[in-house]
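# Need coordinates for the following:
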Amino acid sequence: MKRARSFRTAMRLLAVALLTALSLSSATSATTRPSTTTTSSLMAESTREALPTESSATTGLPAPAVPPESRIVIFHINDVHGKIDNFAKVAAILDAERKTGAQVFFFSAGDNFTGDPVVDQYDPPGEPMLEMLARLNLDVTALGNHEFDYGLEAVRRLAARFPIISANIQAPPGTLPGLKPWIALKAKDGTKLVVFSLIQIEPGNGLPSTHPDKLGDLRFSEPLSKALELKKLRAEGQVLIGLTHIGHEQDLILAGAMPEIDVIIGGHSHTRVDPAKIVNGVLVTQAGSDNLFLGRIDLFLKNGRVVEKTGRLVDLSQVKDEDPAVKAMLAKYHTNPALARVLIEAPFELTGKNALGCLFTDAMRAAHNLDIAFQNNGGIRINRLPKSITLKDVYTLDPFGNETVEIAMTAAEIRGLVKASFEKRKEIDLQVSGMTYLVRADAAKQVKSVQLNNLDGSPLAEDKTFKVGLSSYVATTYDFAHKDPGRSTRTLTVDDLIQYLKSAVDLGIYRDARRAFSEIESEPYRN
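Predicted coordinates:
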């Protein structure tokens, strides 16, 4: 946790330094729309090209001609997480706009995968998403942390179909042949859009939020400082876009530090920004998550400069038109009878991370005869299980393919794990089986004490070693001390869940189930 706090402090200092060094008024954009825009002459298609390493200004060559007026429309998604059902509506919207003669681009800000078993359990994993994005004519995608959940081979399959970009990923030769830090997209009227990308990294280990084993030999650098090295891209086109996967708060810092950017299209934090914000002259937006909204940006240019820019979200629940061909594709993907198999009937719907976390960790503990088991809230991907629980529901709850890891831990080591998790997330993060815990923290969310109890309320023995189960993600990415290096059980946490539910367990015990508590200063118990 000391490394994590130092990293966060460094980031805050970097942001302050950047914002102090740059004039926040240096790049205010005009808001007067061109009086005439001849969209009838604009083509719907766009082309991709590789830009030279030097701009025309430095090579002495004449600058390419730019149209006196231009209008660009960019549709964007982020953090779809395998949710493909609304793509028939997205296709209808894109096709209708393209038919108007507008110059239309379609971007993804990353995390296309992981979250829907229809996509995750397909053979090969993710293929329905790739086919959908191809049908929608995706121009470029950022790499999000969940792009790596299937492993590098899946990222290579993504790169074989679409341009993938990220400036702060360093890949050994041959690892990700299609990866570039940025790309230039050229509209039919000659307007160039230069697009770069950044991926988030965790402060503790400097890696994106995925299982480290999935990352191979890739290396990652701090995204904001890497972005500042890309200011020179301003000279390479008429529009400079950051297609980022670093979260909305980091996007705002980036906008404040780099007014050279025209637009930041973000991802990772699942933030719904509607309408788009103008920060330091930069339009900043993000389209929520799970394919519930489609982002739309309209850019108006005069003589090669953006003079007006607007952004808004389209609520797909309000869209009626659907593309029939895409609907047929969706129907094909959903015809997997195995996923519809009911594993168990519950007496009521299981709702909330508390109840689902208790169920999840009980399954891990029962499968491996453990004393205690933990699972992080981020690994519990839904907030509700229906009364008729199907295989699809379980794979939606736990889509990551993590293994259960067993570690011998003392009470002091368990206390350290809970403390580290709370201070990392500033709230209850670990659900638990086999015990309860109470975190007491000050107003700054710094932990003052962690109380560990058995399920009967008695204190956990301080002189005993416990068999503790963790998901392999928690075991490898959380910063906590433990003498025993641990060992994999060679079974997936999702398989533990499936077997537990198939054993006809009494799910009535999970009504209002709760085992992890916190007390912040004078606030009452909460989680």
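# Quick check: which ranges of the stretch 201-350 of the chain have low pLDDT?
For the stretch 201-350 of the chain, applying pLDDT under 70 flags no range at all.
# in it, which spans are helices?
223-228, 248-257, 324-333 (DSSP state H, counting those that start in this stretch).
# Quick check: which of these is buried the most?
Neighbour counts (mean count of other CB atoms under 10 Å) averaged over each of these peak at helix 248-257, with a mean of 22. Glycine gets a C-beta too; all of them are placed from N, C-alpha and C.
# that older thread, make a markdown table out of the helices of the stretch 201-350 of the chain and add distance to residue 156.
Below are the helices of the stretch 201-350 of the chain laid out as a markdown table (distance: least, CB to CB, whole Å):
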| stretch | distance to residue 156 |
| --- | --- |
| helix 223-228 | 23 |
| helix 248-257 | 27 |
| helix 324-333 | 22 |
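# elements contacting the helix or strand containing residue 358?
Using DSSP states H and E, residue 358 sits within helix 352-368. For helix 352-368, the contact count by 3 or more CB pairs under 8 Å, 6 or more residues apart in numbering; DSSP states H and E identifies strand 372-376, strand 403-410, strand 430-433, strand 465-471, strand 487-492, helix 493-502 as packing neighbours.
# what angle sits between that helix and strand 487-492?
Orientation note: helix 352-368 sits at an angle of 110 degrees relative to strand 487-492 (axes from the mean of the first three to the mean of the last three CA atoms, to 10 degrees).
# Going by neighbour count, which residues in helix 352-368 are buried?
The neighbour-count check on helix 352-368 (16 or more other CB atoms under 10 Å) flags 352-368 as buried.
# That helix: how far from the chain's middle?
Centroid separation for helix 352-368 versus its chain: 24 Å, with CA atoms, centre = their mean, to the nearest Å.
# Then stretch 205-224?
Worked out by CA atoms, centre = their mean, stretch 205-224 lies 14 Å from the chain centre.
# how many neighbours does the nearest residue to residue 245 once chain neighbours are set aside have?
Excluding the flanking residues, the one nearest residue 245 by CB to CB, 6 or more residues apart in numbering is residue 110, at 3.8 Å. As a burial measure, residue 110 scores 32 neighbours (other CB atoms under 10 Å).
# picking that back up, indicate which one of the helices of the stretch 201-350 of the chain is closest to residue 408.
Comparing those against residue 408 with CB to CB, the closest turns out to be helix 223-228 (37.3 Å).
# Give me the helices and strands touching the closest one, please.
Other helices and strands packing on helix 223-228, by 3+ CB pairs under 8 Å, 6+ apart, are helix 2-21, helix 248-257.
# try it again with 7 Å
If you count contacts as 3 or more CB pairs under 7 Å, 6 or more residues apart in numbering; DSSP states H and E, helix 223-228 packs onto helix 248-257.
# could I have the helix it packs on exported to PDB, CA atoms only?
As requested, the backbone C-alpha atoms of helix 248-257 are provided in PDB (Å, rounded to 0.1, in the frame of the first residue of the first chain):
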ATOM      1  CA  HIS A 248     -13.300  10.200 -16.900                       C
ATOM      2  CA  GLU A 249     -11.300  11.900 -14.100                       C
ATOM      3  CA  GLN A 250      -8.100  11.300 -15.900                       C
ATOM      4  CA  ASP A 251      -9.600  12.500 -19.100                       C
ATOM      5  CA  LEU A 252     -10.400  15.800 -17.400                       C
ATOM      6  CA  ILE A 253      -6.800  16.100 -16.200                       C
ATOM      7  CA  LEU A 254      -5.600  15.300 -19.700                       C
ATOM      8  CA  ALA A 255      -7.800  18.000 -21.200                       C
ATOM      9  CA  GLY A 256      -6.500  20.500 -18.800                       C
ATOM     10  CA  ALA A 257      -2.900  19.600 -19.600                       C
END
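# Averaging pLDDT over each of the helices and strands packed on helix 352-368, report the lowest-scoring one.
In terms of mean pLDDT, the lowest-scoring of the helices and strands packed on helix 352-368 is strand 487-492 (a mean of 90).
# So which of the helices and strands packed on helix 352-368 is the most surrounded?
With neighbours defined as mean count of other CB under 10 Å, those peak in mean count at strand 372-376, which reaches a mean of 27.
# which strands and helices sit next to the following helix or strand past that one?
Tracing the chain C-terminally past strand 372-376 and defining elements by DSSP H and E, one meets strand 384-385 next. For strand 384-385, the elements it packs on are strand 350-351, judged by 3+ CB pairs under 7 Å, 6+ apart.
# neighbouring contacts of the strand it packs on?
356, 359, 383-385, 507, 510 (CB atoms under 7 Å, 6 or more residues apart in numbering).
# Among the residues you listed, name the buried ones.
Neighbour counting with 16+ other CB under 10 Å marks 356, 359, 385, 507, 510 as buried within the contacts of strand 350-351.
# wait, doesn't residue 271 sit right on residue 284?
No - if you go by CB atoms under 7 Å, residue 271 and residue 284 don't touch, sitting 9.8 Å apart.
# Can you pick out the residue with more neighbours from the two?
Neighbour totals were compared for residue 271 and residue 284, and residue 284 leads with 25 against 20 (other CB under 10 Å).
# Can you name the residues bridging to the more buried one?
Counting by DSSP bridges, residue 284 is bridged to residue 264, residue 277.
# Next, the contact list for it, please.
Per CB under 7 Å, 6+ apart, neighbours of residue 284: 251-252, 255, 264, 266, 273, 276-277.
# 6 Å - rerun?
By CB atoms under 6 Å, 6 or more residues apart in numbering, the contact set of residue 284 is 251, 255, 264, 277.
# and which of those is nearest residue 458?
residue 251 (48.3 Å).
# As JSON lines, the contacts of residue 284 with distance to residue 464 would be great.
Formatted as JSON lines, the contacts of residue 284 follow (distance: CB to CB, whole Å):
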{"residue": "251", "distance to residue 464": "47"}
{"residue": "255", "distance to residue 464": "52"}
{"residue": "264", "distance to residue 464": "52"}
{"residue": "277", "distance to residue 464": "53"}
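# for those, which one is nearest residue 423?
Looking across the contacts of residue 284 and measuring by CB to CB, the closest to residue 423 is residue 251, at 24.7 Å.
# The closest one - nearest residue in space that isn't next to it in sequence?
Per CB to CB, 6+ apart, closest to residue 251 is residue 266, 4.3 Å.
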